[in-house]
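Engineer: I'll drop the sequence and a predicted model, then ask my questions.
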Amino acid sequence: MAGYVLHLSTEENITLSSATVKRLIAGGSGDAALLYLAILHARGAADSGKLARELKWDETRLRAAEQALYEMKLVGAPEKKEEEAPLPPPQQLSEPPEYTREDIARKLEGDGRFACLLREVEHKLGPLSTPSVKKLLGLYENLGLPADVVYTLVNYCIAKKEQQFGEGRLPNMREIEKEGYVWARKELFSIEKASEYMKREQALRGRYPEYMAALQMQGRASAPSEEKYLSAWAEMGFPAETVSEAYDRTVLHCHEFRWPYCNGILKRWHEKGLHTLAEVRAENAKEQSKPKKNTNDGGNAWMKEYLNQ
């Protein structure tokens with residue numbers, strides 16, 4: 001028999017390999033075995049405090065069980081009670097090291113949290129190739145994102161992809177890795193911070209359809225290359241009617257819509273503190289009311305000034 005299955009309910013099973021069961025038996029620690037089951041039940045995404053509360057243990061008992069599991073090479077090194085060393089600032093985030101198959105095997109054997117994480121991610125995305133597992137390990141080990149945060153990141157990327165392209169469309173690990181670097185730079189190293197970020201991003205993304213309508217692009221999803229502009233405009237706080245005004249000025253000047261030009265208009269307005277359409281038009285009227293210099297431009301000065309707003 002290849003492994004053991006614990007029937008927790010009619011909907012959820014936990015699989016233990018024969019090698020893992022043998023290590024737990026050989027270790028002779030009931031607390032270690034119980035803690036390992038609790039970690040598996042939490043899908044490798046529970047912190048020590050939560051595990052202690054669920055098991056009704058004090059910290060000393062929990063640490064002893066963690067150490068026993070570590071000695072059995074079933075989990076990584078127990079967390080130290082003192083604060084962890086600060087993570088590198090965003091500009092110092094490095095590219096992931098060149099993990100080998102042996103590195104992955106050792107990590108899966110020695111770190112129960114990562115093993116659980118991989119299992120749950122594959123449940124969401126399907127079997128991962130070796131390069132994809134390397135990317136997942138990079139998020140967990142190189143960037144230092146905890147297992148529960150990485151799992152949340154994967155689900156966030158899945159939801160984002162489905163929102164863009166419809167149900168059933170899944171992100172690849174390269175896309176997830178790219179978003180993971182964003183999370184690391186924003187120091188989203190806890191579920192609480194990640195949740196706050198996702199709520200904020202969801203609110204910003206809620207503005208995208210009205211922006212697309214203002215740009216005469218309703219009826220289709222925005223592309224990733226376009227969303228960098230949409231996100232920036234939402235961050236700046238522009239209502240759709242102001243974006244529509246920037247669209248009109250872009251087409252008037254360029255004879256077609258150009259994202260960078262429209263973005264430049266909105267950035268200038270933002271720098272001047274102009275966000276509503278009323279504010280933009282009031283500023284435009286103020287500029288037009290200023291005395292004009294006598295020029296030989298054939299009376300087109302007003303057009304140049306209008307286009308430069």
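Structural biologist: The structure has been received and is ready for your questions.
Engineer: In terms of helix, strand or coil, where does Glu98 fall?
Structural biologist: coil (DSSP: H, G, I helix; E, B strand; the rest coil).
Engineer: Got the phi and psi for it?
Structural biologist: phi -80, psi 90 (degrees, to the nearest 10).
Engineer: how about the helices in the stretch 51-200 of the chain?
Structural biologist: 59-71, 101-110, 112-125, 130-137, 147-165, 173-185, 191-205 (DSSP state H, counting those that start in this stretch).
Engineer: Now do the third one: everything it contacts.
Structural biologist: What that stands for is helix 112-125. 36, 39-40, 43-45, 69, 74-76, 107-109, 128, 133, 136-137, 140-141, 147, 150-151, 154-155, 158, 170-171, 173 (C-beta atoms under 8 Å, 6 or more residues apart in numbering). To be clear about C-beta, it is placed using only N, CA and C from the backbone, and glycine gets the same treatment.
Engineer: nearest spatial neighbour of Gln164, skipping sequence neighbours?
Structural biologist: Ala221 (5.0 Å; C-beta to C-beta, 6 or more residues apart in numbering).
Engineer: Go ahead and confirm that neighbour touches Phe165.
Structural biologist: Yes. Judged on C-beta atoms under 8 Å, Ala221 makes contact with Phe165 at a distance of 6.7 Å.
Engineer: The helices of the stretch 51-200 of the chain: lowest mean pLDDT?
Structural biologist: Ranked by mean pLDDT, those end with helix 59-71 at the bottom, a mean of 71.
Engineer: In JSON lines: the helices of the stretch 51-200 of the chain, plus mean neighbour count and distance to His270.
Structural biologist: Output for the helices of the stretch 51-200 of the chain, formatted as JSON lines (neighbours: other C-beta atoms under 10 Å; distance: least, C-beta to C-beta, whole Å):
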{"stretch": "helix 59-71", "mean neighbour count": "17", "distance to His270": "50"}
{"stretch": "helix 101-110", "mean neighbour count": "14", "distance to His270": "46"}
{"stretch": "helix 112-125", "mean neighbour count": "19", "distance to His270": "38"}
{"stretch": "helix 130-137", "mean neighbour count": "19", "distance to His270": "36"}
{"stretch": "helix 147-165", "mean neighbour count": "19", "distance to His270": "25"}
{"stretch": "helix 173-185", "mean neighbour count": "18", "distance to His270": "22"}
{"stretch": "helix 191-205", "mean neighbour count": "14", "distance to His270": "15"}
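Engineer: Reformat those helices as JSON lines; add distance to Glu279.
Structural biologist: Output for the helices of the stretch 51-200 of the chain, formatted as JSON lines (distance: least, C-beta to C-beta, whole Å):
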{"stretch": "helix 59-71", "distance to Glu279": "57"}
{"stretch": "helix 101-110", "distance to Glu279": "55"}
{"stretch": "helix 112-125", "distance to Glu279": "45"}
{"stretch": "helix 130-137", "distance to Glu279": "45"}
{"stretch": "helix 147-165", "distance to Glu279": "32"}
{"stretch": "helix 173-185", "distance to Glu279": "32"}
{"stretch": "helix 191-205", "distance to Glu279": "21"}
